[in-house]
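[1] when you get a sec, could you give me coordinates for this:
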Amino acid sequence: MIEQTITITNRAGIHARPAAMIVQTANKYKSRIFLEKDSAKINAKSIMGIITLGAGFNSSIKIIAEGDDESEAVQAIAQLFENKFEEE
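    Residues are numbered from 1 along each chain as shown. Prediction:
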């Protein structure tokens, strides 16, 4: 299992478009992938789960992956956050 904590730096936070990008990326991997904020842990392959996290600007989220390609999965999702979901 691999974990990485990231901070949301795009001003709009996680809304429908970034949530869709996370789901598309997560679905490329066989690993089980989760996002965790505060005490909520959701499946990163669920768009509704991601939206219900209510992750706004400057929120911290932990990316957790478990499986054969866990390292690549965490890296790919973290890259989306680092690129601010290509919004800025």
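[2] all contacts plus neighbour counts: C-alpha atoms, from now on.
    Fine.
[3] where does the chain have low pLDDT?
    Residues of the chain meeting the criterion pLDDT under 70: none.
[4] quick check: longest helix of it.
    Ranked by residue count and defined by DSSP state H, the top helix of the chain is helix 70-82.
[5] so how far is that one from its chain's centroid?
    How far helix 70-82 lies from its chain's middle: 8 Å, per CA atoms, centre = their mean, to the nearest Å.
[6] between the helix or strand that contains residue 33 and helix 70-82, how many degrees?
    Secondary structure from DSSP states H and E places residue 33 in strand 32-37. Here strand 32-37 runs at an angle of 40 degrees relative to helix 70-82 (axes from the mean of the first three to the mean of the last three CA atoms, to 10 degrees).
[7] tell me the buried residues in strand 32-37?
    Neighbour counts using 16 or more other CA atoms under 10 Å place 32, 33, 34, 35, 36, 37 of strand 32-37 among the buried residues.
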